[in-house]
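Asks: need a structure here:
(chains A and B)
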Number of protein chains: 2
Amino acid sequence: MNDLKYYLGQVEQIFASEQFIAEPHELYEPIDYTLRLGGKRIRPTLLLAANALFGGDVQQTRDAALGIETFHNFTLLHDDLMDRSPLRRGKPTVYTKWGDNAAILSGDTMFALAWRYFLRQPSPRLQEILQCFNETAIEVCEGQQKDMNFEDLALGDVSIDDYMDMIRQKTAVLLAGALKIGALYAGAPAAEIEKLYAFGIHLGLAFQLQDDLLDGYGDTAVFGKKTGQDIRDNKKSYLPLLALGIANPDQRKELASLFSAKDNMDEEEKVKNVMAIYDAIGMRQAVEKGIAGEFAAAKRYLDDIHAEESLKTPLRELMATLDGRKK
Amino acid sequence: MNDLKYYLGQVEQIFASEQFIAEPHELYEPIDYTLRLGGKRIRPTLLLAANALFGGDVQQTRDAALGIETFHNFTLLHDDLMDRSPLRRGKPTVYTKWGDNAAILSGDTMFALAWRYFLRQPSPRLQEILQCFNETAIEVCEGQQKDMNFEDLALGDVSIDDYMDMIRQKTAVLLAGALKIGALYAGAPAAEIEKLYAFGIHLGLAFQLQDDLLDGYGDTAVFGKKTGQDIRDNKKSYLPLLALGIANPDQRKELASLFSAKDNMDEEEKVKNVMAIYDAIGMRQAVEKGIAGEFAAAKRYLDDIHAEESLKTPLRELMATLDGRKK
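Replies: Okay, here's the model as predicted:
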């Protein structure tokens, strides 16, 4: 029986033994840089653990694990360019280091490299696996578009349902897809894959809601970045959207006004005012309740899966790690 | 026996009957716009004709034809953004119409849509087909990077071999790949596919060299755009690179100086001076000879393919159309 640490180690080994540099080096250097930046490696870890859950082994999904993480890093690379985010994992993003065009083209190439990895991992169910990967990719793009659309809307024009639908596509389907792909390689039955997919969706939603919470209530020393960035950016995250439903009419009015403020307002003053409303209406507890609900739903689906209990250990450990995460 | 017109008509019908609009419409509108802009539709036509050459029919490759053209249009969309080209086929490009972010994300989605089309076209050789498509895609990205690298080099630092290698990857492999994929769907033997691929490479090289020639010697009224743009952009196209090897030392020096000129030089004066050197050393004839050589090589490979002669007709017609093209 292998634990979470084993699979994280396997993922590190897979990446360490892979060569990403090729010619022309102007194209492949940003790719190598991006794929070696590290990160939590959640998606390939989920893929390997889901495969093992139904009797697979690491060799059966080594390249698929590379593929799913390469795809994920491609989306981060293009997202950082679109969002003009200067830093990723504390390092300069590709567009700041090599320019916009390098970010566009290296990203495109990473999407194709993800396909190369999947195509060299044999399986009798390859077409189904590739379709799952591709439909997931399309949903991630749709989710990113919806997120960008929210930027142009007023706070009151985005519902909690709209928001949950957006983060399901932008974040959760890729975790769920990684699990499903791992299980497909192991030849798992459709009914079990369905539960595993639902587990991934709720895990992904919990993960994203945590991100939103940490932006407001993270401990800067541990979190590694300044809190309140979503507030400065007028981002329609889970916090202000949920707050609208809890706040009294005056607070609601103030929130709407703060979240439509342009550069003419002092940023730190704005963060302070928003956080004061959040504190007054108990937002921290309300969001934590929402997160706990998603983790509980994820746990129920995982419990329901017919598989050897000991093989669920890495997934339970991963869920516990994420549940307590401070960054 | 079907002629070129038949296949062009089939491609138009395939595109006319396909729905590209979906939600969120901010994502799919630029995609629909791009795919309905028209163009020569060379790649899907080659794919259908190559399939028929070995006994296939249009239904066997309908979705693959959609896939190859969707991929091609994705590369144009991102290339136009990277090159900051305001017009494509006389219409505003996606980034000018909807902004950079829409161009990035709609392009990414088109790449995934191309995969969706390929994945829904069944074949016993699907893995081989998808690998061919994907390796072609990677080469196209590499070719685009090499093209961008040339921008930062002096004229004398790019050899004709470098240039031919770049256009092989950026342009020719996609024509060759379209032919190979069509033939793979029909179950063609490897030896015939190899000749068909070589036919496509030489056809693609001829096509790109013609583009370069038309930029210098096109008839503006027919060509539809102003000639001399490559000269204004200091573009290391086939013309100046070939000219360097024909010109005398003084002309060579002048060319190198003209192609490193920055905005401080009058553009029309520069075009006039470059064209004067081209005319003096017989560049038009020299480039036409190069193009004729590629068409002749393409024809030899097509002649050598073991297939019913009448089924080669659309490919011969396409070659003849391209050979005489004035735009």
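
Asks: span of stretch A:16-28 from start to end?
Replies: With Cα to Cα, to the nearest Å as the measure, stretch A:16-28 spans 16 Å from end to end.

Asks: near chain B at all, that stretch?
Replies: Yes - contact of stretch A:16-28 with chain B (Cβ under 8 Å from any Cβ of the partner chain) involves A:23, A:24, A:26, A:27. Where you see a C-beta, it was placed from the backbone N, CA and C, and this is true even at glycine.

Asks: list just the nearest of these to residue A:112.
Replies: Of all the residues of stretch A:16-28 next to chain B, the one with the least separation from residue A:112 (Cβ to Cβ) is residue A:27, at 11.1 Å.

Asks: how about residue A:271, nearest residue that isn't a chain neighbour?
Replies: Once flanking residues are discounted, residue A:271 sits nearest to residue A:228: 3.8 Å by Cβ to Cβ, 6 or more residues apart in numbering or on different chains.

Asks: surely the one you found and residue A:215 touch.
Replies: Yes - taking contacts as Cβ atoms under 8 Å, residue A:228 lies within contact range of residue A:215: 7.0 Å.

Asks: hmm, back to that, got phi/psi on the residue nearest to residue A:271?
Replies: The phi/psi pair for residue A:228 (degrees, to the nearest 10) reads phi 80, psi 10.

Asks: quick revisit: which of the residues of stretch A:16-28 next to chain B sit farthest apart?
Replies: Largest separation among the residues of stretch A:16-28 next to chain B by Cβ to Cβ: A:23 and A:26, giving 9.2 Å.

Asks: higher neighbour count, these two?
Replies: The residue with more neighbours, out of residue A:23 and residue A:26, is residue A:26; 17 against 10, by other Cβ atoms under 10 Å in any protein chain shown.

Asks: check contacts around the more buried one.
Replies: Neighbouring residues of residue A:26 by Cβ atoms under 8 Å, 6 or more residues apart in numbering or on different chains: A:98, A:102, B:145, B:148, B:149.

Asks: tell me who's in contact with the fourth one.
Replies: In this case it means residue B:148. A:26, A:101, A:105, B:82.

Asks: from those, pick the one nearest residue B:188.
Replies: Nearest member of these to residue B:188, counting by Cβ to Cβ, is residue A:105, at 32.8 Å.

Asks: and that closest one, what's its pLDDT?
Replies: pLDDT for residue A:105: 98.

Asks: since we're on it, how many residues are nearby?
Replies: By the criterion of other Cβ under 10 Å, residue A:105 has 23 neighbours.

Asks: quick one, phi psi at residue A:39?
Replies: Residue A:39 has phi and psi values of phi 100, psi -180 when expressed as degrees, to the nearest 10.

Asks: so what's it closest to, chain neighbours aside?
Replies: Computed as Cβ to Cβ, 6+ apart, the closest residue to residue A:39 that is not its neighbour in sequence is residue A:89, at 6.1 Å.

Asks: returning to what we had before: ok, so of the residues of stretch A:16-28 next to chain B, who is nearest chain B?
Replies: When the residues of stretch A:16-28 next to chain B are compared for distance to chain B (Cβ to the nearest Cβ), residue A:27 wins out at 4.0 Å.

Asks: moving C-terminal of the helix or strand where the closest one lies, what's the next helix or strand?
Replies: Element membership for residue A:27 (DSSP states H and E) is helix A:25-35. Counting by DSSP H and E, the next helix or strand C-terminal to helix A:25-35 is helix A:42-53.

Asks: that following helix packs against which elements?
Replies: helix A:4-16, helix A:58-83, helix A:173-185, helix A:190-217, helix A:313-323 (3 or more Cβ pairs under 8 Å, 6 or more residues apart in numbering or on different chains; DSSP states H and E).

Asks: separation between residue A:270 and chain B?
Replies: Applying Cβ to the nearest Cβ, to the nearest Å, the value for residue A:270 to chain B is 25 Å.

Asks: just the element for that residue, please.
Replies: Secondary structure from DSSP H and E places residue A:270 in helix A:267-280.

Asks: got the contact list for residue A:213?
Replies: So residue A:213 contacts A:238, A:239, A:284, A:287, A:288, A:291 (Cβ under 8 Å, 6+ apart).

Asks: residues near the residue nearest to residue A:58 when sequence neighbours are not counted, how many?
Replies: Nearest non-adjacent residue to residue A:58, counting by Cβ to Cβ, 6+ apart: residue A:10, 5.3 Å away. Number of residues near residue A:10 (other Cβ under 10 Å) recorded here: 21.

Asks: list phi and psi for residue A:37.
Replies: phi -70, psi -10.

Asks: could you tell me the per-residue confidence at the residue nearest to it when sequence neighbours are not counted?
Replies: Take residue A:37 and drop its neighbours on the chain: the residue closest to it by Cβ to Cβ, 6+ apart is residue A:89, 5.0 Å away. Note for residue A:89: predicted pLDDT of 90.
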